[in-house]
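Colleague: after the sequence you'll find the predicted model.
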Amino acid sequence: MSHSETYDETSLIKACGKGDNKAFKKIYDRHSATMYSICLRYMNNEDEAKDALQEGFIKVFNKIGSYSFSGSFEGWLKRIFVNTSIEQIRKRKKHLDVSELNSTDVKLTTNINVGNMDAEKMMMLVQKLPAGYRTVFNMFVVDGYSHKEISEALGVNENTSKSQLFKARKQLQVWLKDWFK
Amino acid sequence: MKKFEDINEFEQLLKKQLDGHTSSPPSDVWTHVSASTTQGASGLAQIVSFFKSATNLLKVGLFAGGIAAIGIVVYNENKTQDQVPNSPEVLVVDSLIAENTEGDEETEVLVIEKSKNADAEAATPTNSSVERQKSLENNDQTTGIKDKIEDSPSDVLDKSIGSEKSKTSDEVSNILERKELTISVSKNTPCKGETVTLRSSFAGDWYINGEKLVSNSSELTYLCNEVGQVLVSLQTGPTSAEESIQVLDNPFTITKTQKSKDNYSFQTQPSGVLVDWTLNGALVKNNSSSLTVTLDKVGQYNLVGIPTGLSCAENVSVSLTKKSTGYLKTYNTFTPNGDGHNDEYPIEIRDYDNFTVQIFDRNSRMIFSSQDPDNKWNGREFNVGEECLPGEYIARIKYQLKGENSKTENVRLTLIRP
C-alpha cells in the first residue's frame, strides 16, 4: 500500500535534500493531496488549510535533508503537517477556545447505519467539531498521537486532552444519531 | 446495511477512511511554495524572510479575490492520476501513483467486505454493546487498526464496487446539498407585531433565541412581539444554519412650538427622525427633522410627518385649528342729531386686513364710502353735503379679518331724526 520506501522516492528525497526543485515538485505532486486533506481536517476552513499546506511544504523542503529514512516518509510528512497545522491554530489563538457544547445527556451508544458513510461525510463531521475538540480528536483518533504527545504539542495537561476527546466523541455521536435518524 | 453500536467502531472506520484520504489542493499553493524554496536554496536567512513574505503574498492574493475557486472537497478517486504531469521525466512517479490507486480500491473493498460481515452479525442479537460502551468510558486508548485484507473472488468484488460507487456518489451529492442548508426569511427587519415566515431547504428543529419552538419542519412563522435582535437557528442532523432578524419599532412624535402669533415650528422627537412634511395634503418640505411654517389663516391645519428613514414608523399627524381673533360688529340704527350720542353710524372691527364701507340710499345711490373704520358716516352726503333724509339705508361692508377670507356684508340700517 505504501510506496514511501521505494528506491525512487529515496532518490527523490536525496535529490531534494540537495536543493533539487524538480525532485521537490515530484514529492509535492505525490503527497500534497493527502497533506491537504490533513490540513483541512485540522483547520477551520479552506483558506487556513491552504496556508498550513504552504507553510508545511516549505518546512519539508528545509528539513528534508534531516530525514533519516528510518520511518515511513509519509509518516514523517504527516507529522510535519499536523505540527504546522497546530502551530497555525495556536497562532490564530483558537485551539484553546474550548467551547462547552450543549452536553445533553447522551448515551455513548448509538445504532448508526454507516453503509454509505464515506470519507467525505466523515471529513465533514470532523470539520464541524469546534476547534478545541477537533484538534484533539484529529490527533488522537485519526493521526494516532497519545494524550501525552497531544498535551505536549498543545501545551495543555493530559486530562484536558482526555476530556476534549470525550466531548468530541459525545458530540460526534449526537450528530451521527441525528444524521441517520 | 452495516450498523455499529460503538463509537470505537465508527472511529476505526473513520481512521481508515481519513487516513490516506486526499483532497487536491488549490493550484497556487505550489506557486508560492516553489517561489519560497527556489530562493531558499541560497541561504537559510532568505528562506525565513521569504517564507514570511510568501505568506503575506498569499494573503494579499486572497484578499484581491484573485483566487476564484477554492474547490469544495469533492472526493475523486482518480484525481491523483489526473494531477500527474505528462512529461516523460515523471514516468516513474506515474507508475507509483497507479499502484497507490489500486491500494485505495483495496481499502474500499475491505470496507465493503467488513460491512457484509457486520450485517450478518447484526442479524443475530449481541450483548456486547454495553460492555463496549463501558470500555470506551473507562479507556480512552484507541488501539491501532491493522488492515486485514480478505481475498474475495474478483467478480463479486467488481459488482460490489460498482453498486457501492453509485451509492457513494448519490450520497456525496446528498451531502453537498445538505451542506447548503439555508434559511430564507420573508423579512429581515420586520416591525414589531409583524409576522415573519422562515423557510429552510431542509426540515429541522427551529430555535428562537436558543429556545426550541418547532421540530422537524421546513417552515416557521414567527410573530415579532418584541423589539430587538432575534436569533433563529435551524438544526438538521449535524448541520445547522443561523439567521438573525431585527425586529424594529420606531415610534416618534412631533412637537409643536409657537414662535410668534402665526409662526410655528415643528420638530420630530427623538430628534433626527427624518420625515417628509405635508400640510393639508401638500408636500411642504422633504426629508427633514424640523419644519417652520407661518400659519396665519384661520382654519384647520393637518400636518403629517411621513418618515423617510424608518421602515417601521407610522405617519404622525398634528392637527392645529387656527381661530380668528378679529370680528365685525354692525348696528341697525343711528341718530345724527348732535346730542353726542349715536351721532355717527358705528361699525366695530378688530384685527382686520382690509375694510371698505359704502352706504347706499333706497335708489342705490352711494352717499358715503370709507376705507377707515374710524371715519364714520355722520348722516350727510359724503359727510360734508346735505343732511340725508331719515329712513332706510344699506351699508355694504367689505372686510377681511386677519387669517380669514374677504367677506361682504350688507346691513340694513335706519337713519333716525327724531
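Modeller: Ah, there it is.
Colleague: what helix or strand does the most centrally placed residue in chain A sit in?
Modeller: When chain A is reduced to its mean C-alpha position, the closest residue under C-alpha atoms, centre = their mean turns out to be A:I38, at 4.2 Å. In this assignment (DSSP states H and E), A:I38 forms part of helix A:21-42.
Colleague: next SSE after that helix?
Modeller: Assigned by DSSP H and E, the successor of helix A:21-42 is helix A:46-63.
Colleague: find out how far that following helix is from the centre of the chain, if you would.
Modeller: 13 Å (C-alpha atoms, centre = their mean, to the nearest Å).
Colleague: touching, B:T356 and B:Q371? I think so.
Modeller: Yes - counting by C-beta atoms under 8 Å, B:T356 does reach B:Q371; the two are 5.3 Å apart. Using the backbone N, CA and C atoms, a C-beta is placed for each residue, glycine as well.
Colleague: which of the two has more neighbours?
Modeller: Remark: of B:T356 and B:Q371, B:T356 carries more neighbours, 16 against 10, as counted by other C-beta atoms under 10 Å in any protein chain shown.
Colleague: can you tell me the closest non-neighbouring residue to the residue of the stretch 301-418 of chain B found nearest chain A?
Modeller: Here the residue of the stretch 301-418 of chain B nearest chain A is B:C312; by C-beta to the nearest C-beta that distance is 33.7 Å. Of all residues not flanking B:C312 in the chain, B:C191 sits nearest, at 3.5 Å (C-beta to C-beta, 6 or more residues apart in numbering or on different chains).
Colleague: swap in A:L172?
Modeller: A:L125 (6.1 Å).
Colleague: and the one you found, that one's in a helix?
Modeller: Yes - according to DSSP: H, G, I helix; E, B strand; the rest coil, A:L125 belongs to a helix.
Colleague: tell me the contacts of it?
Modeller: A:L172, A:W175, A:L176, A:W179, B:P238 (C-beta atoms under 8 Å, 6 or more residues apart in numbering or on different chains).
Colleague: pLDDT at it, what is it?
Modeller: Note for A:L125: predicted pLDDT of 78.
Colleague: equivalent analysis for B:C191, please.
Modeller: The per-residue pLDDT reported for B:C191 equals 82.
Colleague: look up which residues are beta-bridged to it.
Modeller: B:L248 (DSSP bridges).
Colleague: how about B:L303?
Modeller: Going by DSSP bridges, B:L303 forms beta bridges with B:L279, B:V318.
Colleague: which residues does it contact?
Modeller: B:L303 sits in contact with B:I254, B:F266, B:W277, B:T278, B:L279, B:L291, B:V293, B:S317, B:V318, B:S319, B:L320, where contact means C-beta under 8 Å, 6+ apart.
Colleague: in TSV, list those residues along with distance to B:V185 and neighbour count.
Modeller: TSV is the format used below for the contacts of B:L303 (distance: C-beta to C-beta, whole Å; neighbours: other C-beta atoms under 10 Å in any protein chain shown):
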residue	distance to B:V185	neighbour count
B:I254	33	20
B:F266	37	22
B:W277	34	23
B:T278	33	18
B:L279	38	18
B:L291	36	19
B:V293	42	17
B:S317	32	12
B:V318	36	17
B:S319	39	9
B:L320	42	16
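Colleague: can you list the residues you listed in CSV and add pLDDT and distance to A:G132?
Modeller: Putting the contacts of B:L303 into CSV (pLDDT from 0 to 100; distance: C-beta to C-beta, whole Å) gives the following:
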residue, pLDDT, distance to A:G132
B:I254, 88, 55
B:F266, 91, 58
B:W277, 90, 58
B:T278, 89, 60
B:L279, 88, 64
B:L291, 90, 59
B:V293, 88, 65
B:S317, 86, 58
B:V318, 87, 59
B:S319, 87, 64
B:L320, 84, 66
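Colleague: make JSON lines out of those and add distance to B:E381.
Modeller: Shown next, in JSON lines, are those (distance: C-beta to C-beta, whole Å):
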{"residue": "B:I254", "distance to B:E381": "58"}
{"residue": "B:F266", "distance to B:E381": "54"}
{"residue": "B:W277", "distance to B:E381": "55"}
{"residue": "B:T278", "distance to B:E381": "54"}
{"residue": "B:L279", "distance to B:E381": "49"}
{"residue": "B:L291", "distance to B:E381": "54"}
{"residue": "B:V293", "distance to B:E381": "48"}
{"residue": "B:S317", "distance to B:E381": "56"}
{"residue": "B:V318", "distance to B:E381": "54"}
{"residue": "B:S319", "distance to B:E381": "51"}
{"residue": "B:L320", "distance to B:E381": "48"}
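Colleague: what about the strands in chain A?
Modeller: Secondary structure of chain A, counting by DSSP state E: strands at A:109-113.
Colleague: shaky segments in it?
Modeller: For chain A, the stretches with pLDDT under 70 are A:1-7, A:92-118, A:179-181.
Colleague: try 90
Modeller: Across chain A, residues meeting the criterion (pLDDT under 90) sit at A:1-27, A:29-30, A:37, A:40-49, A:61-75, A:79, A:83, A:85-181.
Colleague: tell me the contacts of B:R380?
Modeller: B:P336, B:E386, B:E387, B:C388.
Colleague: report the two of the residues you listed separated the most.
Modeller: Spatially, the most separated pair among the contacts of B:R380 is B:P336 and B:E386, at 12.3 Å (C-beta to C-beta).
Colleague: more crowded one of those two?
Modeller: Just comparing B:P336 and B:E386: by other C-beta under 10 Å the higher neighbour count belongs to B:P336, 19 against 9.
Colleague: ok so, going back, tell me how far the residue nearest to B:C312 lies from B:N287.
Modeller: Using C-beta to C-beta, to the nearest Å, B:C191 is found at 21 Å from B:N287.
Colleague: compare these two (neighbour count), which wins?
Modeller: Set B:C191 next to B:N287 and count neighbours by other C-beta under 10 Å: B:C191 wins out with 17 against 12.
Colleague: that one against B:Q246, yeah?
Modeller: No - judged on C-beta under 8 Å, B:C191 makes no contact with B:Q246 at a distance of 10.2 Å.
Colleague: touching, the residue nearest to the centre of chain A and A:I80? I think so.
Modeller: No - contact criterion C-beta under 8 Å: A:I38 and A:I80 do not qualify, at 9.8 Å.
Colleague: what lines up beside the strand or helix carrying B:E242 in the sheet?
Modeller: Here B:E242 sits within strand B:239-247, counting by DSSP H and E. Sheet pairing of strand B:239-247 (DSSP bridges) gives strand B:228-236 (antiparallel).
Colleague: average pLDDT across the strand it pairs with?
Modeller: Strand B:228-236 carries an average pLDDT of 83.
Colleague: which residue packs closest to A:N157, ignoring adjacent ones?
Modeller: A:S151 (5.6 Å).
Colleague: number of nearby residues for the one you found?
Modeller: 18.
Colleague: any idea how far it lies from A:G144?
Modeller: 15 Å.
Colleague: also B:N342?
Modeller: From B:N342 to A:G144 the distance is 124 Å (C-beta to C-beta).
Colleague: can you check the pLDDT for B:T239?
Modeller: With respect to pLDDT, B:T239 has a value of 75.
Colleague: contacting residues for the nearest residue in space to it that is not next to it in sequence?
Modeller: Leaving out its chain neighbours, the residue that sits closest to B:T239 by C-beta to C-beta, 6+ apart is B:L181, at 4.8 Å. By C-beta under 8 Å, 6+ apart, B:L181 lies in contact with B:S200, B:S201, B:F202, B:G204, B:L234, B:T236, B:T239, B:S240, B:A241.
Colleague: mind running it again at 6 Å?
Modeller: Listed by C-beta atoms under 6 Å, 6 or more residues apart in numbering or on different chains, the contact partners of B:L181 are B:S201, B:F202, B:T239, B:A241.
Colleague: one more: B:T333?
Modeller: So B:T333 contacts B:T414, B:I416 (C-beta under 6 Å, 6+ apart).
Colleague: go on, B:I183?
Modeller: B:L198, B:S200, B:L234, B:A241, B:E243.
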